[in-house]
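Novice: build me a structure from this.
(chains A, B, C and D)
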Protein chains: 4
Amino acid sequence: MKSIQPFKEKKDTAILLIHCPDRQGILATVTEFLNRNHGNIIYLDQHVDHQETVFYMRVEWELDGFLIPREKIGEYFDTLIALPMQMTWKLYFSEEIPRMALFVSQMPHCLFDILSRYTAGEWDVEIPLIISNHKLLEPVAKRFEIPFHYFPVNRENKAEQEARELELLKEHRINFIVLARYMQILSQDFVAHYPNRIINIHHSFLPAFAGAKPYHAAHERGVKIIGATSHYVTSDLDAGPIIEQDVTRCSHVDTVENLIRKGRDLEKIVLSQAVYKHLQRKILVFRNRTVVFN
Amino acid sequence: MKSIQPFKEKKDTAILLIHCPDRQGILATVTEFLNRNHGNIIYLDQHVDHQETVFYMRVEWELDGFLIPREKIGEYFDTLIALPMQMTWKLYFSEEIPRMALFVSQMPHCLFDILSRYTAGEWDVEIPLIISNHKLLEPVAKRFEIPFHYFPVNRENKAEQEARELELLKEHRINFIVLARYMQILSQDFVAHYPNRIINIHHSFLPAFAGAKPYHAAHERGVKIIGATSHYVTSDLDAGPIIEQDVTRCSHVDTVENLIRKGRDLEKIVLSQAVYKHLQRKILVFRNRTVVFN
Amino acid sequence: MKSIQPFKEKKDTAILLIHCPDRQGILATVTEFLNRNHGNIIYLDQHVDHQETVFYMRVEWELDGFLIPREKIGEYFDTLIALPMQMTWKLYFSEEIPRMALFVSQMPHCLFDILSRYTAGEWDVEIPLIISNHKLLEPVAKRFEIPFHYFPVNRENKAEQEARELELLKEHRINFIVLARYMQILSQDFVAHYPNRIINIHHSFLPAFAGAKPYHAAHERGVKIIGATSHYVTSDLDAGPIIEQDVTRCSHVDTVENLIRKGRDLEKIVLSQAVYKHLQRKILVFRNRTVVFN
Amino acid sequence: MKSIQPFKEKKDTAILLIHCPDRQGILATVTEFLNRNHGNIIYLDQHVDHQETVFYMRVEWELDGFLIPREKIGEYFDTLIALPMQMTWKLYFSEEIPRMALFVSQMPHCLFDILSRYTAGEWDVEIPLIISNHKLLEPVAKRFEIPFHYFPVNRENKAEQEARELELLKEHRINFIVLARYMQILSQDFVAHYPNRIINIHHSFLPAFAGAKPYHAAHERGVKIIGATSHYVTSDLDAGPIIEQDVTRCSHVDTVENLIRKGRDLEKIVLSQAVYKHLQRKILVFRNRTVVFN
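Specialist: You can find the predicted model right below:
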């Protein structure tokens, strides 16, 4: 289904995400580099973690009028700025639309929310395919005209199926993966292909109730607030860098079914907020924690 | 689009919503009436407003085994209980699936959210039609296979168009209307046909920023929190009984566009929560305020 | 320090907290018992847990005009209602002001909040004494004119000191204990003297980050929301029935010190809300979970 | 009452708050100025409002080792940086402890909260005096050993009393005023003496329910969320720049008295958070809106 509203025309910009050991003058050096080369900065946010003495920065500037050609920016920045300052950096261009794969199982609420935003033109993203270990949601994919690939996974065929999935992802030049309530643990090998590029939604306020059936556990424990957590997937289950969390109140009148119902709304919003931040290139990961720029 | 998951089998129940002047023994009288006639109560909530001395109650019981035949319950209750106690009451049966009409204009997020829940089988509702004063969202309706009716409205044809809409609603035996960001004020006459049965979403924390362009007004005022409000429509614009409200934080970094983006998530959730409560027959209106049972 | 505002005159009432196996007619039976004996009900809330088939109820009625004398109510209710219906129940009278002991260590914010409310006349409570394992907060106690008892506790003298504390509590006819950031684990034996009558505040969103240094753990994990939890103390550390929880947002810019600062506001409010509910006799504990009436 | 805990030793720093028309190179110029003069930056946050094309910045650096002497910093900065760039700026030094006056009437909860934080050493502030138009809270001031000044105000003596208050404030070199539920409108003339230096707490979610009796109005309107707003006082009642807001849920079961009780907790926290931000010199006012740095 085509977007029902045209994307707003957007500026042609470059985005740098940087982190490095903190020291005097980093900010001045980077901004001076951009200014000198006629880069009009339209966004800048930085943060210093004084305990770890790490400097974090996101800066975005217009390419129109910038003296360094697009394809040389990385090289020049690396040579002139990043190497002397021991920076780790990533460079993105606004004209490159990220390509996302959706993994789903049987619960449709996150899938619907993502496809609705995609169709409504809320996000600047391509979704070339949906992968699922169940057939149940194929009709949803069809309605939104996204190709649906069915990969039933069991203990025996898991390695083989993941290999086929990886091939498919490669073929479609997928940049990142969103697990929209995908109820199948990905192997460490699979995860290693997309480091900090697989976003999961866990249906609890992590680190509380990691693992299976968190709403049942929350009900059993008698908590007065339930939550949802979006995070990057690492080899350690439900322990990857947290991107976004949100909560809602519950009480003794809420059955497990009620918690599941209330939780659905949290899950879809928290997952979509994480995807949005990722698409905006506003997330930087360092030592299993995220810096999420404003 | 058919529901992708079958409705859960549900009990055959009756639901009473009651309010009356408070006095001793109402609760005992009602529950005793149900018990005596072998009505197994599965839900009961009541509230006394001691200032206004009004008693409110919602009670739901199983019809299986109930001694009074379904079609006689209203009559018996009225004669034996309601009249002596000056009760205002409404009786609903769980087997009657409410029929809802959706009114939309150009913004799709609330429409998508409602149709997604409908298709996912989250709600026990029929949506026989969508009415719009713009053609933009017709493709969305089509994808979800809901008939879409286009009624362009202007100052000259408003009365005539509303008359045609009312006829259509009657023809489809519509019980209640949801304005999913419908940007056209309904006439007092139209509203009078569906008293406390038209649910609107206003994109502010009412009563702050009633009227047009609330996000612009919120930005101008420099608030640190924005909100959304679902309410029943009355003849008084944005002043009907409030059903649900929710808020989210903002700050000086948020542009009007950001507020609009953040607000969309609030709007769709707050509207859908109001619809859910309405479908559950958990809302009672008294003197422009709602009692929303748990 | 005397209350700066006189207590509002309050009605002379009785309060019943009840739970029992659910079955038809409990509500009618109880309300009919009170009505028949001219008890004017001013509060009633009930809840049925259909999964566990347990009925919970809190009812409060005026003693003025009630036919059964105050000192006979318990006996009559037990014989006529509770025994036949296998009820577990507690009876309170509004004229009995609960007597609370405060346990503190070195952090003053919860202590200040509680003594401020006490002095402002927000709560209907007596605070005959403060117990501490440190001397630091003695000046605060003095300012508010509450006797301060210093019981330094170490591994060797713990049993002996707790015995002395228990004696002191008994002597002052203490009904319940509030641990206002008391940093010393109470022995199982001590806890057994006040079952569901010791309220603790834990500085995390339990069950996340139970145990020591939760803010450090939250920072390390990179959560985006921190919380506080008030609960009744059981022999199982930080695992007792949860009364109230609240949360606040944090981000990568928050140092551990910031989390501690933000957390203080959560802790004092969440603890005081739990104390308020306890004073109102609105909490009922069943199987390590609370029912907190509205 | 002396602080029960010593202030943490803090670094000797200078703080600049800046705003100016946005243009290329401001950030680089300011940071380069500090770096060149050996100013170790320990905090930097900036924001560009692209709609108004205004640049905002807060920067803090250590004075130890800074080449420009403390008393010359303002002059040098103004000449070399601010004038060429049309900056509006304020310079603060961490060693200057702000001096605050508290205005109260009859409600003690905000007063208690502020004095508790002050005594606990949470804030780096001096409170040389409390001013009130009622005598009720004098005992609280006494307990915390803060001089209490009683200025009964009526229509006839208002101008005269305000003149005496201003004299007293001047005498005590008061930097800013906190209205801790002070129920008396200050004259425009009085307010003009402390522009953006009088912090008020309004007991509603502004702009909803400005003026008197907001909880009554909120109850009457049937809102599902109540709030509190701290703001700088301007000549326009309840319309000054908003600093902080917070909200809490309510429902049909809440009486006006309940809203007032719940609101107290909001009010005291929201007011104290605003005072904290003000003390941190993290608030910048521009065109009746605040920039509140992280």
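Novice: below-threshold pLDDT in the stretch 1-150 of chain A: ranges please.
Specialist: Within the stretch 1-150 of chain A, the ranges that satisfy pLDDT under 70 run A:1-2, A:5-8.
Novice: strands along that one, start to end?
Specialist: A:13-21, A:41-49, A:54-62, A:88-93, A:99-104, A:126-132, A:148-150 (DSSP state E, counting those that start in this stretch).
Novice: can you give the contact residues for the shortest one?
Specialist: Outside strand A:148-150, the residues within contact range by C-beta atoms under 8 Å, 6 or more residues apart in numbering or on different chains are A:129-135, A:137-138, A:141-142, A:165, A:168. Just so you know, the C-beta spots here come from the backbone N, C-alpha and C atoms, and that holds for glycine as well.
Novice: just the helices in the stretch 151-294 of chain A please.
Specialist: A:158-171, A:188-193, A:214-221, A:256-279 (DSSP state H, counting those that start in this stretch).
Novice: residue contacts, residue A:69?
Specialist: Shown in contact with residue A:69 (C-beta under 8 Å, 6+ apart): no residues.
Novice: any of the contacts of strand A:148-150 buried? List them.
Specialist: For the contacts of strand A:148-150, a neighbour count by 16 or more other C-beta atoms under 10 Å in any protein chain shown gives the buried set as A:129-134, A:137-138, A:141, A:165, A:168.
Novice: go through those and say which is closest to residue B:161.
Specialist: Using C-beta to C-beta, residue A:141 comes nearest to residue B:161 of the buried ones among the contacts of strand A:148-150, at 37.1 Å.
Novice: so what's that closest one closest to, chain neighbours aside?
Specialist: Closest residue to residue A:141 apart from its sequence neighbours, by C-beta to C-beta, 6 or more residues apart in numbering or on different chains: residue A:148 at 3.7 Å.
Novice: hmm, residue A:24 is touching residue D:32, no?
Specialist: No: judged on C-beta atoms under 8 Å, residue A:24 makes no contact with residue D:32 at a distance of 10.4 Å.
Novice: which one of these two has more residues nearby?
Specialist: Each of residue A:24 and residue D:32 has its neighbours counted (other C-beta atoms under 10 Å in any protein chain shown); residue D:32 has more, 18 against 15.
Novice: list the contacts of the residue lying closest to the more buried one once chain neighbours are set aside.
Specialist: In this structure, residue D:32 finds its nearest non-sequential neighbour in residue A:28, 4.6 Å apart by C-beta to C-beta, 6+ apart. Contact analysis of residue A:28 by C-beta under 8 Å, 6+ apart lists D:27-28, D:31-32, D:35.
Novice: what does chain A have sitting close to chain C?
Specialist: A:47, A:49-51, A:56, A:205-209, A:221-225, A:227, A:241-247, A:251-253, A:255-256, A:288-292 (C-beta under 8 Å from any C-beta of the partner chain).
Novice: buried among those? Need that as a selection in PyMOL.
Specialist: The PyMOL command for the buried members of those (criterion: 16+ other C-beta under 10 Å) is given here:
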select buried, chain A and resi 47+49+56+205+206+207+208+209+221+222+223+224+225+227+241+242+243+244+245+246+247+251+252+288+289+290+291+292
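Novice: just the buried ones among the contacts of strand A:148-150 now: which is nearest chain D?
Specialist: residue A:137 (34.2 Å; C-beta to the nearest C-beta).
Novice: can you name the residues that contact that closest one?
Specialist: Applying C-beta under 8 Å, 6+ apart, we find residue A:137 in contact with A:104-106, A:108, A:111, A:130, A:148, B:4.
Novice: find the closest residue to chain D in the stretch 151-294 of chain A.
Specialist: Nearest residue of the stretch 151-294 of chain A to chain D: residue A:249, at 7.1 Å (C-beta to the nearest C-beta).
Novice: pretty sure that residue sits against residue A:224.
Specialist: Yes: checked against C-beta under 8 Å, the pair residue A:249 and residue A:224 is within contact range at 6.6 Å.
Novice: so how far is chain B from the residue nearest to residue A:211 when sequence neighbours are not counted?
Specialist: Spatial nearest neighbour of residue A:211, chain neighbours left out: residue A:238 (6.6 Å); criterion: C-beta to C-beta, 6+ apart. Residue A:238 sits 24 Å away from chain B, going by C-beta to the nearest C-beta, to the nearest Å.
Novice: next: residue A:49.
Specialist: 20 Å.
Novice: hey, what's that residue bridged with?
Specialist: residue A:54 (DSSP bridges).
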